[in-house]
Each structure stands twice: as structure tokens, then as C-alpha cells.
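# predicted model follows, preceded by the sequence.
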Amino acid sequence: MTQKFNFHELKTSNRLPSPSGTALEIMRLLQRDDVKIEQVSQLIKLDPALSGRILQFSNSAANGAHTPISNINDAIIMIGMVAVKNFALSLSLVGNDSNNRCPNFNYPTYWSKSLATAVAISLLSSHERIISPEEAFTLGLLMDIGRLALATAWSESYGECIAAADGDELLKLEQEQFAINHNALTLMLLEDWGFSSVHIEALKLYFKPNDENLKANQLAKQLYFATQLANYCIADENYRVELMPKLLLESAHYFNEADLKVFITDIFKQWQKWGKLVNVKTDIRQSSPELNKDEHNNLSSLNILVVDNDVMMLARLSKQLTAVGHKVVACKDGDSALKYALENKPELIITNWHMKPMDGIELSKMLHSSTWGSSIYIIMLTSSHEEKELIEAFHAGIDDYVTTPLSLKVLLTRIRAGQRIIKLQKEVEKERKELQRYIADLAVANRRLELMANTDVLTGLSNRRYSLNRLEQEWASAHRNKNPLSVLMLDLDHFKSVNDSLGHDAGDLVLIHTTTLMKKCSRATDIPCRLGGEEFLVICPNTDSKSALLLAERIRQTIEKNQVENVALLNPMTVSIGVACSIDGKLSGKELITLADEALYEVKRDKRNAVQLAAH
């Protein structure tokens, strides 16, 4: 089992998916502030395949080009240089999996779904612009790149993980085997390749949803809807029938049912065109993962609230739904239904449209406007077939409808469709809570590990590793703000004789006693550290040489006056201290330590038990 994941080591080992030479050169070129379109254009022209793909994309419907674009310069102007960089990066990775083939990893399906996701979110961005369509295309194409990275880096081991995983257990197995999962690795790769913070935050929210109303949150919702559309693209006919209710639910914000079908048709056309352009198969079809299960028996009964002014209808529906295993409560109007829903939170509501005083539309709006009510699945009973009225109902927050006169068979079918979504919502919520607990536990463990890695076990002071890193941080702050920075190098006098004559246990007592005195003398802003053995370092931010000398002398006198008890020392415990100071960041952290060390050894060569300021 891998104990620690090192991204830099894996990156330098050339075992990760990597962009082409042209893509890398474009990335480097666009890091310059003075780059010109002509320079990027000349670089792209060196790669005929990339040139053709960029021209194809710039002329696609997603970009809304009114006149044909036939040269690379115009294409770059149309889609932007940042988009060209992301585009080159994405397309240089497509299909580049000839080495380290991973058993049980379905490469054609992976790329087919990734391309469908890219096309779907690109068209979604044209419909509701959060980021540009070309940025969305790139993000959609690479939003699952972590899976390909694991398959490339550890082919055999990852193949075993895929074979052993049952559904979402794959993330857990990846974490145990590689100390990282494919979601986290995706974020690392995209951040390393220069994707924007909006892209990264959107993916984080996609992997771990929350209710914040941010731009990234809206983009995360688009990513989620795009992946559902991609699943539909690669599904067989039976599976598509199963997926359609969920698509209708997810698309309510964007489309009505008729417009959704037109939108899906556009996705299919663009997906197939892109498939030919980048040599990705678009004829792959997957069956439902539940195909061989008795779905009805596996779906648990629901807590259903039935709402209707018609008492006979209420009684009949309650009896019929109870007979098939559901728990049913009846309300005669919208007001009482809203009160019951508030107190008991039913899983599904079946409501008539026309009621008084509160009708089904108003009830749906009230429920949909609240956080707790928006997750309740609502089926509307209506005699209307008018498109305008049905659109109004879906906008009000319903999830499905059944026309009257009522067919029990149709209603039960719609309820089963709702059961699948309710089951999925419960699983998502359960996974979200489990993930939150896992992340919280992991954060605590990481903090403990970080503390252990940066702390000297014996004295409890910060160790050498931490002190050197902290000194660089304090130097950078001092340099930026033009503040003084001082360091004290301390060395216990005759400490070797303590270990040699009295043993290491006595030496440990001396070190612990010295640490206590140093902490007592130090100010709140001072950072005392143990470098090793009997050597200590005190970092003093915003401290000039005069104040540093006063602090050093206070420490020296305190140690001299407060000898350790119950240890028969051959020589009194004293300390030699070297002091160095940098004004306005003129001396680096390393230079400060060197000067303080030299001053310390001047004291050690002389009489010891003294303080010396370094000359510079």
C-alpha cells in the first residue's frame, strides 16, 4: 500500500498523460506578456492536425461564426489565445494511450464519454454563458483525466482496483492503493496545466456539492448536467428510456421537454462530428447497470402525501398506493398539505392542480422555494394537455405529471421513476455525509502529521525543518514590508560533558529545562526552534539588532541564574549566543544564520556564556 503520494515525483517520472510538444510550446509562449497572435499562429501551423482541429472548432455552431474562417490568425481571434492553449492541451491528449495499457480500463468508452461531455457543456455554455464555450469544451473533455492518469501510471494495479471495485468503492480503493483518488488527481493535473481557479473550484464543487451561490457552483451544475447528457449519448435504447426522467428533472432550469430533445439532437450531431475529427468512437453503447436486477423489488416503499379536494379520489388513491406497499397520508387542500410537508417531510407528493384556497401550482412553488422542500418529488394530476400550462407547472417546481382521467398503471410507472430519483438523492446525500466525515478525519490526521513533522519530539519546539522554512517566510515578509529581522543562534556550553558523564537521560533533562526557560524569556512574536543536539535558533520578526541583543542577554542571564534541579552538573549550565540582524531584507535567511553562527563561535572560542552581535 502506498503511504504517501508525491505528485512532483510522479510528474517527473513521465508516467502521467502528457501534452504534445506543440501544446507545451504554446503553453510556454502564452506565459509571456508580449506574445503576439502571429507567433502563436506560426507555432500552430507547424502541427497540421492541430491547425485543422482549431479551424473546425472556430467554425462550429458553438462559437456562432457567421462567416467561414479559413486561416489560423482569424481562428485565434475568434476563440481567443487562452482557449487555443487549452484546446491544444486537450486534443494532444485524446487517444494518446498506446503505452501502459490498463486491463479493465475501457479506453474507447472513456474518450467517447469525455468527448460527449465536452460537446454537451460547450453547447450548454452557449445557452447560458458562465465561461466561454471553448473553455467549457476543454474542461468537459478533461474533467475525468485523473482516471486516465492512474491507468497510465499504474496500469496493472489500477486494473485490479477496477476489477475489485463495486460502484463508487473505486474512490476508496484508489485512495488505499495509491494514496490519492482520481478526483483529487484530476484537480492536481489541471492546476498544474494552468487551468483557472474558476475551473478548479467548479470541479471541486462537482466532486463535493454545496449550496453556495457562486459562479463556480453554477458551472459545477452545468458539469453535472453535461455528464448526465454524456451518459445518455453512450446509453443503449433501453437505458436511455431509464435515463430520460432524470434528464427532464435536471433540464428544468434550461429547457422544456421539447427543447431538451432538440438540444440532445444537437449534441449528437456535434459529438459525431468531433468523433470523426479526433478519431474517437461515437457508436459505443452501454446497458443499464441495473439491467439484470428486479428494480421494483429493490425499490423501497415511499412516504407519499396525496393532495386533492375530491374526497373520493383521495380515498381511492390512498387505498391503491397503500396496496402496493407505500405509506400514504391524504390532505384535502394545499394549506394543510404544506403544513404536513413542513412537519413530516414526505418523499413524494401527488397533488391535483385545481384546488382551493391553495392550488397545486402554488403548493409546488412554496415547496420549491424552500431548501427542505425543493428535494421533494412532486407529481401533478391535471386534465390539461396545453403546452403552456405544463411549462408553467414545471417552472413551479413539479417533477412529473399524469393526465386525468387517471390511469393507475401510468401513475405507478411515474412513481417508480420518482423512486429511482429519490433513491439516487438519498445515496448522494449519504455519500456527501460520508465524504464530509472522511475529509474532516483526513484534515485532522493531516494536521497531526504536519505537527509531528515540524515538531521536535523531546522539547516540543519547532524542529530544523520547520525553522528553515519559517525563516524564509519571515525574510520574505521583512523584505516586502522593509522591516528588520533578527536571528539568535544558541549553543549550550559544555553540553557534551553532561551526556558523557551523566548519560543521555540527564542531557534530556537539561535540554527540556533550557527549552522552558527560552519560552519564558521569548516574546509572543519570537519563534524558538531546536536545530539539533544542544543548538537552538530563535527567529525574531520585526526586531532590530538592539532589541535582539536585549532578548539574547535576557535568555543568557535566565539560563545562568536558573540551574536544572536534581542533576549533578560538573559545570554550571550556561549558553553562548550569536546574534545577526537584517535591515530591509538586505541579508537573506541563509546569510543571517551564517553570520549568527560565526558570532556564536567567536563566543565559544573566547570565554563562552556571552552574547555576540555579528559584524557585517
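Thanks, I have the structure now. Numbers count the residues shown, from 1 in each chain.
# for the rest of this, base every contact and every neighbour count on C-alpha atoms.
Noted.
# for this protein, where's the lowest mean pLDDT among helices and strands?
helix 295-298 (a mean of 46; mean pLDDT, DSSP states H and E).
# just checking: what are the partner strands of the next helix or strand after that one?
Sequence order places strand 303-307 as the next helix or strand after helix 295-298, per DSSP states H and E. Strand pairing for strand 303-307, using DSSP bridges, gives strand 327-331 (parallel), strand 348-352 (parallel).
# between those, which one is nearest to residue 479?
strand 348-352 (62.9 Å; CA to CA).
# right, and the helix or strand after that closest one?
For strand 348-352, the following helix or strand on the C-terminal side (DSSP H and E) is helix 360-368.
# packing partners for that next one?
With contacts taken as 3 or more CA pairs under 8 Å, 6 or more residues apart in numbering; DSSP states H and E, helix 360-368 sits against helix 334-344, helix 387-396.
# can you rerun that using 10 Å?
On a contact count with 3 or more CA pairs under 10 Å, 6 or more residues apart in numbering; DSSP states H and E, helix 360-368 meets helix 334-344, strand 348-352, strand 377-382, helix 387-396.
# tell me which residues of it come out buried.
360-365, 367-368 (16 or more other CA atoms under 10 Å).
# so for that helix, mean pLDDT?
Throughout helix 360-368, pLDDT has a mean value of 85.
# which sections of the stretch 251-400 of the chain are below the confidence cut-off?
Applying pLDDT under 70 to the stretch 251-400 of the chain flags residues 289-300.
# er, the stretch 101-250 of the chain I mean
For the stretch 101-250 of the chain, the ranges with pLDDT under 70 are 163-164, 166-168, 210-215.
# what about the helices in it?
Secondary structure of the stretch 101-250 of the chain (DSSP state H, counting those that start in this stretch): helices at 107-127, 133-142, 145-153, 155-164, 169-178, 182-192, 197-207, 215-233, 237-251.
# most neighbours per residue, which of these?
helix 133-142 (a mean of 26; mean count of other CA atoms under 10 Å).
# residue contacts, residue 118?
Neighbour list for residue 118: 112, 124, 133-143, 223, 226-227, 230, 267, 271, 274 [criterion: CA atoms under 10 Å, 6 or more residues apart in numbering].
# hang on, the earlier thing: looking at the helices of the stretch 101-250 of the chain, which is nearest to residue 527?
Closest approach to residue 527 among these (CA to CA): helix 182-192, 32.8 Å.
# now for that closest one, which elements pack on it?
helix 7-12, helix 133-142, helix 145-153, helix 169-178, helix 197-207.
# make a markdown table from these and add distance to residue 547 to it.
Output for the helices and strands packed on helix 182-192, formatted as a markdown table (distance: least, CA to CA, whole Å):
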| stretch | distance to residue 547 |
| --- | --- |
| helix 7-12 | 42 |
| helix 133-142 | 54 |
| helix 145-153 | 53 |
| helix 169-178 | 50 |
| helix 197-207 | 43 |
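# go through the ones you listed and name the closest to residue 402.
helix 197-207 (32.6 Å).
# which secondary structure elements does the closest one contact?
Judged by 3+ CA pairs under 10 Å, 6+ apart, the packing partners of helix 197-207 are helix 133-142, helix 182-192, helix 215-233.
# got the angle for the longest one vs helix 197-207?
Relative orientation of helix 215-233 versus helix 197-207 (axes from the mean of the first three to the mean of the last three CA atoms, to 10 degrees): 60 degrees.
# before we move on, the earlier item: quick check: which of the helices and strands packed on helix 360-368 is buried the most?
Of the helices and strands packed on helix 360-368, the one with the most neighbours on average (mean count of other CA under 10 Å) is strand 348-352, at a mean of 25.
# out of the buried residues of helix 360-368, which comes closest to residue 583?
When those are compared against residue 583 (criterion: CA to CA), the nearest one is residue 368, at 62.1 Å.
# and the closest one, what is it in contact with?
Taking CA under 10 Å, 6+ apart, one finds 362, 374-378, 395-398 in contact with residue 368.
# and if you look at residue 263?
Counting by CA under 10 Å, 6+ apart, residue 263 has contacts 120, 123-124, 127, 229, 255, 257.
# can you check residue 144 too?
With CA under 10 Å, 6+ apart, residue 144 has these contacts: 110-111, 113-114, 182-183, 185-187, 203.
# so residue 562 touches residue 518, yeah?
No. Contact criterion CA atoms under 10 Å: residue 562 and residue 518 do not qualify, at 11.4 Å.
# of those two, who's got more company?
The neighbour comparison of residue 562 against residue 518 (other CA atoms under 10 Å) goes to residue 518, with 22 against 14.
# doesn't the more buried one lie inside a helix?
Yes. Looking at residue 518 with DSSP: H, G, I helix; E, B strand; the rest coil, it is inside a helix.
# distance of it from residue 490?
Per CA to CA, to the nearest Å, residue 518 is found 10 Å from residue 490.
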